[in-house]
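Peer 1: below are the sequence and a predicted model; questions follow.
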Amino acid sequence: MSNQKRITERSNELTKSIDTGGAEDILAALCRSDDQIFEGFEDYDSLQSPSILAFIEELISSSADLLEATLTGKENNVIVFSGSGTSGRMAWLCARTFNRLLSQRGLSPCFAYCISGGDEALIVSKELPEDSPALGVQDLLERVNGKDRALVVGITCGLSAPYVAGQLDWALKQDHATPCLIGFNPVAIARDDVVENWDKTCRGVFTELEAVSAARAEDGGGGWQGFVINPVVGPEPITGSTRMKGGSATKILLEVVFILAIEKVLSSSQLAHLLSNPTSVGELTEAKKARPTGPVSTADAISLYRQACTCMYRASEQVARVLQSAAESLSRGGHLYYVGSDAFALLGLIDASEMVDTFGAGHDEVRGFVEDGWQICDNNQGDLSLCGSPFKMSLSHFTEHQLGALTENDTVVLLLGDVVSEPVTRVWRSVVASRAKLAEVRVSCTASDTTSTPSSRDRDCTSVSVLLPFAKNSTFRYVLEQFAMKLVLNAVSTGANIMKGRVFGNTMVNLTVSNNKLYFRSVGIVREMAGVSEEEAVVALHRSIYRDQPGSVESTMHKLVSDHIKAGKRHQMVVPLAILLATGQYSSVEVESVAKAMAQLSSAASLRQMLQASRHNE
């Protein structure tokens, strides 16, 4: 089993032809793939398998004990979510959600997050720090120092991030820290590659943690030794793109575990005693009385997410029209902009941040803008707007820098809930007055009397309305609305890039070679797309990476993978160029062959069509 390709890196049979159809065909393929989140994949444990549910319930119980000790003032504890890329962004978003949930009840926040690359990685991709276990430990210590106990929840969808493995390895050795691994592969096929400057591997650490978790289960559960929660949700619809199903399943797990844990604590007798004491907690009595009630079981909670997924895909015809508009904008050299407020707009930021490394998109091609910008992010480092253009993400920045430059080639998507704030309405009126194409996406548990905002009724505006059948007073209501919005945004941005020609079959062919995992994924893509051996694929990839440096390719073979990553970050279209070079269709003279292949790539309207033509010419 250990030699198998990780499931998160496999090609999904349900989406092999996702690049050949129109917008509605893409939505249908994504729907089939997302069904696997709940139905499972092959014979592996799924999200709703009894064994997985049992581990989730154990984690809920243990987390509730830690939370109660914290919220009653007995201990100073922390729960840390950590990850790289999308996993780190979900860690941030969920920590923010739970801290606000506690604050709304007058209780002190006790959730924290780490993301490899720091808060800049919330907006722009910073994949290389994912390869550093030492950096992971350094970041974690900043969150746990001075705490009595810490629950360290390491999220790595592919069980492949050394940043997270280093943190969990540290936690395994501490009496006051408990490691919890969340991912979506069996531990036996976790990444086992050599990690630079470390004497361990991801698989080695995760195997040790799995043994600890299994021993606890054999003892009847309870205790704080460690947890592994790794349901298999099937291959991604775009091979290896764990921002999609992996990110969605991460959101489900974190929210189910910790919302139910919080609900359990708020129902406890000890906390009820404190809540009735105005001298210690002030006006919390009424807050507790007004406390919404969540589902009664873990299985019930997970089923709510399946309902939200079903409701979103019922709106596929509407979503397809937004997807089509976005695809036309990107194909014409335009932009896709998301604007809105609070968590919906933050999801737009997250979706936009993933375009560069996943599809090789330009940094300004897909952007998200949020009312009040960094002020509502609750992030570790505060306002980063001075760090450069990508970090200017408030509505005022949009008004100042993007609004006046909008053309008919741009698509602006307004992200809506029950209420539209006055600042968002003002900005939207200005967008309506521009030449840009308009779209509105509304996700709510409350039926709206209108399908569009008043300001856009006089313009051609594509509207999406996803109505969820959940009670207004449910604790899960807001996170379920977020979940449905995430599915919409992922579908729109992924579909737009597919229709622009950045996906071949279901393979992202213009990914950025920005860390160890993506380097080896790129080698595999070149090998499979060009039909060559692994050695020939490595040579072709190095010819692309070192295209502007003198010397033979052979001289690069002794270098570290991190050296190849640093060299490759200087160039665009590294993987597509490597695929063309691997086909052997170009001159044997190095400079001439690279120049000719690059010229053809640069002039191609669609990478997919270019690569398809090269295959036919082999």
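Peer 2: Perfect, I can see it now.
Peer 1: quick one: low-confidence parts of the stretch 101-250 of the chain?
Peer 2: 216-224 (pLDDT under 70).
Peer 1: what about the strands in it?
Peer 2: Listed in chain order, the strands of the stretch 101-250 of the chain (DSSP state E, counting those that start in this stretch) span residues 111-115, 150-155, 177-182, 227-229.
Peer 1: in JSON lines: the ones you listed, plus mean neighbour count and distance to Ser474.
Peer 2: Just so you know, the C-beta spots here come from the backbone N, C-alpha and C atoms, and that holds for glycine as well. Below are the strands of the stretch 101-250 of the chain laid out as JSON lines (neighbours: other C-beta atoms under 10 Å; distance: least, C-beta to C-beta, whole Å):
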{"stretch": "strand 111-115", "mean neighbour count": "26", "distance to Ser474": "20"}
{"stretch": "strand 150-155", "mean neighbour count": "28", "distance to Ser474": "24"}
{"stretch": "strand 177-182", "mean neighbour count": "26", "distance to Ser474": "24"}
{"stretch": "strand 227-229", "mean neighbour count": "23", "distance to Ser474": "23"}
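Peer 1: distance to Val561 added to these, as CSV?
Peer 2: Listed next are the strands of the stretch 101-250 of the chain as CSV, based on distance: least, C-beta to C-beta, whole Å:
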stretch, distance to Val561
strand 111-115, 22
strand 150-155, 22
strand 177-182, 24
strand 227-229, 27
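Peer 1: let me see the mean pLDDT of stretch 264-279.
Peer 2: Mean pLDDT, stretch 264-279: 60.
Peer 1: now do the buried residues in stretch 596-612.
Peer 2: 596-598, 600-601, 604, 606-608, 610-611 (16 or more other C-beta atoms under 10 Å).
Peer 1: list the ones among the residues you listed that fall in helices.
Peer 2: Cross-referencing these against helices under DSSP state H gives 596-598, 600-601, 607-608, 610-611.
Peer 1: and Arg321, how many neighbours?
Peer 2: Close neighbours of Arg321, defined as other C-beta atoms under 10 Å, add up to 16.
Peer 1: ugh, wrong one, Arg100
Peer 2: 17.
Peer 1: now, the most widely separated pair of the ones in helices among the buried residues of stretch 596-612?
Peer 2: Lys596 and Arg608 (19.9 Å; C-beta to C-beta).
Peer 1: before we move on, the earlier item: closest one to Gly154 out of the ones in helices among the buried residues of stretch 596-612, please.
Peer 2: Leu607 (34.8 Å).
Peer 1: distance of the residue nearest to Asn379 when sequence neighbours are not counted relative to Leu480?
Peer 2: The shortest distance from Asn379 to any non-neighbouring residue, by C-beta to C-beta, 6 or more residues apart in numbering, is to Asp119 (4.9 Å). Going from Asp119 to Leu480 by C-beta to C-beta, to the nearest Å gives 27 Å.
Peer 1: show the average pLDDT along the longest helix seen in the chain.
Peer 2: Ranked by residue count and defined by DSSP H, the top helix of the chain is helix 477-500. For helix 477-500, mean pLDDT is 97.
Peer 1: same deal with stretch 563-578?
Peer 2: 89.
Peer 1: so how far is the first residue of that stretch from its last?
Peer 2: 17 Å (C-alpha to C-alpha, to the nearest Å).
Peer 1: circling back to that earlier point, list the contacts for the residue nearest to Asn379?
Peer 2: 379-381, 384 (C-beta atoms under 8 Å, 6 or more residues apart in numbering).
Peer 1: the residues you listed: which two are farthest apart?
Peer 2: Asn380 and Leu384 (10.3 Å).
Peer 1: can you pick out the residue with more neighbours from the two?
Peer 2: Leu384 (20 against 17).
Peer 1: I'd assumed Gly340 was in contact with Leu489.
Peer 2: No - contact criterion C-beta atoms under 8 Å: Leu489 and Gly340 do not qualify, at 10.6 Å.
Peer 1: settle it for me: which of those two has more neighbours?
Peer 2: Gly340 (29 against 24).
Peer 1: one step back: would you turn the ones in helices among the buried residues of stretch 596-612 into TSV with pLDDT and distance to His401?
Peer 2: Formatted as TSV, those follow (pLDDT from 0 to 100; distance: C-beta to C-beta, whole Å):
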residue	pLDDT	distance to His401
Lys596	83	38
Ala597	83	36
Met598	85	31
Gln600	82	34
Leu601	83	30
Leu607	83	29
Arg608	85	32
Met610	81	33
Leu611	80	35
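Peer 1: want to throw the residues you listed into JSON lines with distance to Phe38?
Peer 2: Rendered in JSON lines, the data for these read as follows (distance: C-beta to C-beta, whole Å):
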{"residue": "Lys596", "distance to Phe38": "49"}
{"residue": "Ala597", "distance to Phe38": "44"}
{"residue": "Met598", "distance to Phe38": "44"}
{"residue": "Gln600", "distance to Phe38": "44"}
{"residue": "Leu601", "distance to Phe38": "40"}
{"residue": "Leu607", "distance to Phe38": "33"}
{"residue": "Arg608", "distance to Phe38": "31"}
{"residue": "Met610", "distance to Phe38": "37"}
{"residue": "Leu611", "distance to Phe38": "34"}
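Peer 1: wait, what's in contact with the residue most central in space within the chain?
Peer 2: What sits nearest the mean C-alpha location of the chain, by C-alpha atoms, centre = their mean, is Thr86, with 2.9 Å. Counting by C-beta under 8 Å, 6+ apart, Thr86 touches 157, 242-243, 246-247, 250, 350, 354.
Peer 1: show the pLDDT at it.
Peer 2: Predicted confidence (pLDDT) for Thr86: 96.
Peer 1: what separation do you get for it and Cys157?
Peer 2: From Thr86 to Cys157 the distance is 7 Å (C-beta to C-beta).
Peer 1: joint contacts of those two?
Peer 2: Shared contacts of Thr86 and Cys157 (C-beta under 8 Å, 6+ apart): 242, 246-247, 250.
Peer 1: among the residues you listed, which one lies nearest to Asp548?
Peer 2: Nearest member of those to Asp548, counting by C-beta to C-beta, is Thr242, at 31.6 Å.
Peer 1: can you pull the contacts of that closest one?
Peer 2: The contact partners of Thr242, taken as C-beta under 8 Å, 6+ apart, are 8, 85-87, 157-158, 184, 236.
Peer 1: can you check Val124 too?
Peer 2: Counted by C-beta under 8 Å, 6+ apart, Val124 has contacts 353, 356, 363, 390-391.
Peer 1: run the last query once more with 10 Å
Peer 2: Applying C-beta atoms under 10 Å, 6 or more residues apart in numbering, we find Val124 in contact with 117, 352-353, 356-357, 363, 387-388, 390-391.
Peer 1: my guess is Thr178 meets Leu66, correct?
Peer 2: Yes - look at Thr178 against Leu66 with C-beta atoms under 10 Å: they come within range, at 8.4 Å.
Peer 1: which stretches in the stretch 501-618 of the chain count as strands?
Peer 2: All strands of the stretch 501-618 of the chain, identified by DSSP E, counting those that start in this stretch, fall at 503-504, 507-508.
Peer 1: please consider this matter closed, and thank you.
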